[in-house]
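**Student:** I need the structure of the sequence given here:
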Amino acid sequence: MEYIYKSALELAEMIRTGQTTSVEVTRAHLDQIQQHNETLQAVVILTEDEALTSAAERDDEAKAGNYRGPLHGVPMTIKEQFWLEGQKSTINVNRYADWVAPEDAVIIERLKQVGAILMGKTNVPKNLLDYQVWGDIYPEGKNPYNLEYSPGGSSGGSAAALASGMTPIELGGDFGGSIRIPSYFCGLYGMKPTENTVPHHGHLPQAESEKGHVFHMAVGGPMARTVNDLELVWKSIRGSHPSDRITPRIDWDELNDKELEDYSIVWVDRWPEYKPSDEIRARIREFVQILQTSGVQTENAGPGNDLHVRSLSVWMRLSNILLSQDVPWFMKPLMKFQMNQTIYRGMEKFTEEFKRGFKSSFINYSETMGLKAQITSEWERFLEDYDLLICPMSFGPSYTRRKAGSPISYEGKAMKYLDYAWPYVTCFNASGHPAMNIPLGLNDAGLPVGVQIVGSYWSEPSMIHFAKLVSAHTPGFIPPGNY
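**Tutor:** Numbers count the residues shown, from 1 in each chain. Predicted coordinates for the structure are as follows:
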């Protein structure tokens, strides 16, 4: 147990200085998985033999004074969707039940290059489309803070594994809050990087008939219990690659000597049509008060021109274009029906955008991309006078596990299923802006709460630096009991 809940940086330092070995650290985390996974169902593919073999190789390299990088010998798990050579990627749907990755995803290859040990893959909802974890193939995932609650989705298994000490770091993917919501529900740091800054190759299983796949809004990103670990994973996976020409070369501003008083923050505790719970609004105001006491310049203001709702409309339309792009025309009506009966139940407000997403035409696609470019520019103009935006992550903390599409009640308010979290996160998938969850401890019921911070394009170094500074004034990650 001495290695469980240590940060990746701490473990790497212990291995580097000879205080322990990669085999010992990896075995300890494998034991943690064996002990608790039957209850949580966080890890769905375990590569124990391969992990211990790789750990022994990292130890041999360390003895010879050869270190691959800052994660040398550190074990970790990854979200099930990512390619790991020779292992299944099913996204928890029967259609891909036997699909095996022919090679590693680019970002998995990069993590291995800096020395990480892959122990297995973590649970996801069917088709990666829910803030719970359930599907055709794997058992239902649970939240380690309360087994009756959702760990979030779609990187829910990732969040549960991290929070329960099964892994020191994780790699998630975010198409509609899929890194941020699980991090929020499980009290972790989780960041969705700027769109197209992380290579896409190897992010999803592919049908044999598929000739190509268009990616928008989705991006792989880090999940961690500390900001420093999150930064380490992000730096390891970012940047252009020959397999992915749309990922640009960016001159990241790594030097950041700002203090809190040097930051200018704009904040909202609600969106015009989506007001979160009193508890969450109070947490955001308390967080802003901490910043103000530390000398941060703050302004309570939101963008005009219905930008938030228009961003949600773009996401709804574009997401269905992407999700249905390789689905035969005769299967699309069934797909629409199933979605309307589950996660999109009651979402009449976006019915037109939902339907348009299933229209297979270049005109529809190009028009949608034009709307996406427009909202991105408007968010950029709103953010240009500030370092960061602070806003809600969800209506409230995690909710009890239930049938997808069932109404959710919190603080006496009943709401449509998707309205609980979706409106607070997908706006920034639509615009492509980087966004992060900062954990703010536990509420009176023992469930994690947090706050979302959002930056302009390519502002991740500033966001991470800010998170490091405020970590001295916030609870950060608090482990659940019994793990």
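
**Student:** pLDDT-wise, which helix or strand of this structure ranks last?
**Tutor:** Lowest by mean pLDDT, DSSP states H and E among the helices and strands of the chain is helix 332-341, with a mean of 84.

**Student:** that one: how far from the chain's middle?
**Tutor:** Using Cα atoms, centre = their mean, to the nearest Å, the distance from the centre of helix 332-341 to the centre of the chain it belongs to is 25 Å.

**Student:** packing partners for it?
**Tutor:** Here helix 332-341 touches helix 351-356, going by 3 or more Cβ pairs under 8 Å, 6 or more residues apart in numbering; DSSP states H and E. Every C-beta, even on glycine, is put in place using the N, C-alpha and C of the backbone.

**Student:** contacts for the helix it packs on?
**Tutor:** Around helix 351-356, the neighbours that count as contacts under Cβ atoms under 8 Å, 6 or more residues apart in numbering are Ser313, Val314, Met316, Arg317, Asn320, Lys336, Met339, Asn340, Tyr344, Met347, Asn364, Thr368.

**Student:** C-terminal to it, what's the next element?
**Tutor:** Moving toward the C-terminus from helix 351-356, the first helix or strand encountered (DSSP states H and E) is helix 362-383.

**Student:** each with direction, which strands does the next helix or strand along the chain from that next one pair with?
**Tutor:** Past helix 362-383, further along toward the C-terminus, the next helix or strand under DSSP H and E is strand 388-391. Strand pairing for strand 388-391, using DSSP bridges, gives strand 264-267 (parallel), strand 448-454 (antiparallel).

**Student:** got a list of contacts for the helix or strand just after the last one?
**Tutor:** Yep, that's strand 448-454 we're talking about. Note on strand 448-454: by DSSP H and E, the next helix or strand toward the C-terminus is helix 460-470. Defining contact as Cβ under 8 Å, 6+ apart, one finds that helix 460-470 is touched by 189, 191, 193-194, 197, 227-228, 230-231, 234, 252-254, 256, 258-260, 263, 290-291, 387-388, 434, 436, 438, 453, 455.

**Student:** mind checking the SS state of the closest residue to Gly176 other than its chain neighbours?
**Tutor:** Taking Cβ to Cβ, 6 or more residues apart in numbering as the measure, Gly176 lies nearest to Thr426, with 4.6 Å between them; neighbours along the chain are not counted. Thr426 falls in the helix class when you classify it by DSSP: H, G, I helix; E, B strand; the rest coil.

**Student:** pretty sure Thr426 sits against Val314.
**Tutor:** No: contact status for Thr426 versus Val314: not in contact, 9.1 Å apart, counting by Cβ atoms under 8 Å.

**Student:** which one of these two is surrounded by more residues?
**Tutor:** Legend: neighbour count by other Cβ atoms under 10 Å for Thr426 and Val314, higher for Val314 (26 against 23).

**Student:** which parts of the stretch 1-150 of the chain are helices?
**Tutor:** Counting by DSSP state H, counting those that start in this stretch, the stretch 1-150 of the chain has these helices, from start to end: 8-16, 22-40, 48-63, 106-113.

**Student:** of these, which is nearest Asp444?
**Tutor:** Of all these, it is helix 22-40 that lies closest to Asp444, at 23.3 Å by Cβ to Cβ.
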